[in-house]
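In: for reference, the sequence and a predicted model appear below.
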Amino acid sequence: SVFSFRDPSAISVFVFALVAFFMILGTVDVSAKAGDGLVVARDLLRMRSITEVVVARDGSYAIYVVKSIHEKRDKKKEGKGEYEYRTHLWRIDLDDENAEPIELTSGNRTADDPAISRDGKWLAFTRKEEVDDDKAEKKGQVWLMPMNHGGEARVVTDLENGASNPVWHTVENKLLVTSQIPFSKLEGMPDWDTEQPGLSVEELARLKAVTHSDDDDTTKDQSGDDEKNPDARSDKDVPSNDLESVREWLYSNAHKEKKANPHVVTRRSFLDEHDLAGEMTFAHLFMINLDDCNGDGIGTAQQITNGFHNYGDPQFSPDGSLVCFSDKPREGKHPDRYLRSCVFVMNVDGSEIRKIAGDESRSFSQARFLPDGKSLIATTVPTDEMWYQQEDIARMNVDGSDFRILTGDWPSYAGAVRVSGDGGIYFTTGWRGNYPLRVIDNNEKNKPTTREVSIGEGVGVEAFDVHDNTIVAAVASVDHPMQLMVIDSQQ
């Protein structure tokens with residue numbers, strides 16, 4: 001939110017600002033004429049924003065993601081005012097005050113999730129091909145681009161269900177990537193209650209096997225005529241009248257890559273942002289060995305996680321021996337039953353998974369190792385009426401002991417969190433209509449304090465990264481809707 005519930009006076013400020021915004025927007029929309037220089041509604045489509053910032057380990061350059069709005073190129077919808085977001089990567093050298101930004105990617109393919117190697121020589125990122133409305137949406141893959149010499153970017157993953165969110169190993173020349181695997185493509189059955197009325201675990205397992213068999217049947221017509229003319233379906237696409245055949249047909253239909261018709265709802269969280277939620281998917285981790293690539297440059301991929309659980313926002317420990325991640329509680333209930341999440345730690349090969357934070361009283365996310373490798377931080381919020389509670393930053397040992405709240409002196413929430421190489425903990429927050437950046441001092445002591453990083457009045461930090469005492473941040477203000485700034489954290 002744009003105001004803090006711990007600061008009631010901010011509510012009136014927010015309401016006043018909202019009313020003023022709509023009054024100005026209405027005035028501009030009515031009075032604006034060609035050539036008078038005023039802003040009109042269409043100008044909003046030309047605005048760009050910075051959504052991610054990453055700084056090289058040596059502080060020599062930064063990569064940032066620019067998000068913009070473009071009209072769709074789909075010929076079928078041409079002229080109908082259909083728009084879409086695209087994201088692209090830019091680079092700026094930090095050693096040269098007069099350096100000009102360099103656009104690294106462009107065109108109709110989107111690029112995001114930038115990750116810079118420890119030596120600063122390579123940039124890993126996720127690239128998603130342009131979507132063709134006549135085909136199933138293509139999955140994103142991870143690409144690699146040289147940073148210290150010229151050369152084209154090359155794809156380094158070729159996973160069936162796509163790859164995203166690359167994370168560099170802290171010691172070896174490897175990448176940890178995430179792939180969303182559908183329920184129907186995972187082996188075995190979940191260790192939690194599937195909550196499908198009248199459907200036993202044995203029957204669900206049989207249906208999964210039938211679906212896998214259908215996926216392997218290459219004799220099926222792939223022309224897509226069924227979608228154009230539903231009445232043209234063959235006899236084998238229509239279920240028989242017996243219950244077993246109907247179940248097989250509905251289950252197979254529900255797990256198609258294209259939109260299912262009819263849509264079978266069997267879970268509590270069945271709503272998506274614009275439509276009904278599709279098949280459940282689970283975020284699994286693959287280790288990509290960049291020292292072992294085939295003739296096409298694809299790195300050897302080893303899946304290190306399995307099962308019907310998620311491994312979200314993974315991060316390596318400084319020595320590369322551990323990985324921390326977030327997931328919902330693993331207590332035998334359907335994942336939709338939980339609103340809270342926990343922090344887990346496992347060995348780098350995916351073994352010995354143990355929960356270190358997360359009980360019925362608190363939810364955790366954004367786990368990050370501290371430079372000592374013996375402790376980590378995470379954002380946490382009480383589960384008691386958690387929709388209005390404020391998120392804090394907590395510190396704990398890798399085994400979950402010595403749990404402490406670090407932001408207890410700050411009356412608002414903790415947003416995005418970053419840890420610098422020297423152990424500094426920085427976070428965005430909301431305060432009286434602004435989005436300042438704060439840093440935690442004395443985080444190793446019993447009474448840590450926070451202070452605001454001096455940027456200016458009436459600004460909002462949209463994205464940032466930090467290298468030692470240097471912060472590179474995307475800052476929004478009334479005068480400048482979006483600009484990239486280099487800030488001294490000691491100010």
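Out: Okay, I see it.
In: so His70 touches Tyr83, yeah?
Out: Yes - using C-beta atoms under 8 Å, His70 is in contact with Tyr83, at 6.7 Å. To be clear about C-beta, it is placed using only N, CA and C from the backbone, and glycine gets the same treatment.
In: next, count neighbours for Trp387.
Out: Using other C-beta atoms under 10 Å, Trp387 is surrounded by 6 other residues.
In: remind me which helix or strand it belongs to.
Out: Using DSSP states H and E, Trp387 maps to neither a helix nor a strand.
In: next one: phi and psi at it?
Out: When read as degrees, to the nearest 10, the backbone of Trp387 gives phi -70, psi -20.
In: check contacts around it.
Out: If a contact means C-beta atoms under 8 Å, 6 or more residues apart in numbering, then Trp387 has no contacts.
In: and the pLDDT for it?
Out: Listed pLDDT for Trp387 reads 82.
In: same question for the one 10 residues further on.
Out: As predicted, Asn397 sits at a pLDDT of 96.
In: again with Phe364
Out: Value for Phe364, per-residue pLDDT: 97.
In: list the buried residues for stretch 336-354?
Out: Judged by neighbour count (16 or more other C-beta atoms under 10 Å), stretch 336-354 contains these buried residues: 337-338, 340-346, 348, 350, 353.
In: so how far is Leu207 from Val264?
Out: 11 Å (C-beta to C-beta, to the nearest Å).
In: joint contacts of the two?
Out: Tyr251.
In: can you pick out the residue with more neighbours from those two?
Out: Leu207 (21 against 16).
In: and the helix or strand harbouring the more buried one, what's its mean pLDDT?
Out: Following DSSP H and E, one finds Leu207 within helix 201-215. Throughout helix 201-215, pLDDT has a mean value of 67.
In: wait, is Thr51 part of a strand?
Out: Yes - according to DSSP: H, G, I helix; E, B strand; the rest coil, Thr51 belongs to a strand.
In: tell me which residues touch it, please.
Out: Contact analysis of Thr51 by C-beta under 8 Å, 6+ apart lists 65-67, 87, 112, 462-463, 474.
In: let's go with 7 Å and repeat that
Out: Taking C-beta atoms under 7 Å, 6 or more residues apart in numbering, we find Thr51 in contact with 65, 67, 87, 463.
In: what's the neighbour count on Ala209?
Out: 10.
In: please read the previous query as pertaining to Thr126.
Out: Using other C-beta under 10 Å, Thr126 is surrounded by 23 other residues.
In: okay, and the beta partners of it?
Out: Asp112, Val142 (DSSP bridges).
In: so it makes contact with Val142?
Out: Yes - counting by C-beta atoms under 7 Å, Thr126 touches Val142, with 5.9 Å between them.
In: measure Gly111 to Phe183 for me?
Out: Actually, residue 111 is Ala rather than Gly. In terms of C-beta to C-beta, Ala111 sits 29 Å off from Phe183.
In: more neighbours, the two?
Out: Taking neighbours as other C-beta under 10 Å, Ala111 and Phe183 compare with Ala111 leading, 24 against 17.
In: next, give me the two most distant ones among the buried residues of stretch 336-354.
Out: Using C-beta to C-beta, those span at most 30.6 Å, a distance reached by Arg337 and Val348.
In: let me know the secondary structure of Arg118.
Out: Look at Arg118: counting by three-state DSSP, its state is coil.
In: where does the stretch 101-250 of the chain dip in pLDDT?
Out: 130-138, 210-241 (pLDDT under 70).
In: show me where it has its helices.
Out: For the stretch 101-250 of the chain, the helices defined by DSSP state H, counting those that start in this stretch occupy 201-215, 225-228, 243-254.
In: state the mean pLDDT of stretch 308-318.
Out: For stretch 308-318, mean pLDDT rounds to 97.
In: from what I see, Pro436 and Thr429 are in contact.
Out: Yes - counting by C-beta under 7 Å, Pro436 does reach Thr429; the two are 6.3 Å apart.
In: between the two, which one's more packed in?
Out: The neighbour comparison of Pro436 against Thr429 (other C-beta under 10 Å) goes to Thr429, with 23 against 20.
In: run the chain-centre distance for stretch 352-359.
Out: 22 Å (C-alpha atoms, centre = their mean, to the nearest Å).
In: same check, this time on stretch 317-333
Out: On C-alpha atoms, centre = their mean, the centre of stretch 317-333 falls 16 Å from the chain's centre.
In: again, but for stretch 312-332
Out: Relative to its parent chain, stretch 312-332 has a centroid offset of 15 Å by C-alpha atoms, centre = their mean.
In: determine how far the last residue of it lies from the first.
Out: Its first and final residues considered, stretch 312-332 spans 19 Å by C-alpha to C-alpha, to the nearest Å.
In: what sits up against it?
Out: Stretch 312-332 has contacts (C-beta under 7 Å, 6+ apart) with 167, 169-172, 176, 191-193, 283, 285, 309-311, 335, 338, 340-348, 358, 364-369, 371, 373, 376.
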